[in-house]
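**Student:** just to be clear, the model below is a prediction. Sequence and coordinates:
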Amino acid sequence: MKNKLNFVIDAVMFLAMMALAGIGFLMNWVLLPGREARAVYGPGVELGYLGLDRHQWGDVHLVVGFVLLGLLVLHTVLHWNQVLHLFCKLMPRRPGRIVAAILFFAASLALVSFPLLAHHRIEKMSVAGQVHDGGGGGGGRGGGRGQGR
């Protein structure tokens, strides 16, 4: 039973990773952002795919990312004994394992939380890409979250 569950979790994780990649490619190369879309297709063009625009695909991308993150945590929990065994085998000295574990979890926490910390350092960019204002306050897509787009 455990092997079947592991297989299903791994298969769904793989599909989620492929969906994240595919949606990322779609948003980057097909559903161009405003200025680029106007340069390629002319003014007044609204790009979309399967009834969703670029920002809506971004929301789908975020949800799939959360699903993948949840499956990754579940996968790690189900394989925890194997993770510990391999970690101890790779780093036989206890002090080294403790330092490596602390650094790994600190890096993981920093990577997952940096968008929350960056919220206060949003920079408004001019059309030429120059920094216009570094004082926070939003701008861009993340600045309007929770304000009823």
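**Tutor:** Yes, it's here.

**Student:** give me the nearest residue to the residue nearest to the spatial centre of the chain, chain neighbours excluded.
**Tutor:** Most central in the chain under CA atoms, centre = their mean is residue 65, positioned 5.7 Å from the mean C-alpha point. Counting by CB to CB, 6 or more residues apart in numbering, residue 65 lies nearest to residue 20, which is 6.1 Å off, once chain neighbours are set aside. For the C-beta atoms, the positions are set from N, CA and C on the backbone; glycine is no exception.

**Student:** close enough to count as contact, that neighbour and residue 68?
**Tutor:** Yes. Taking CB atoms under 8 Å as the definition, residue 20 is a contact partner of residue 68 at 6.5 Å.

**Student:** wait, a helix at the residue nearest to residue 65?
**Tutor:** Yes. Applying DSSP: H, G, I helix; E, B strand; the rest coil, one finds residue 20 inside a helix.

**Student:** neighbours around it, how many?
**Tutor:** 17 (other CB atoms under 10 Å).
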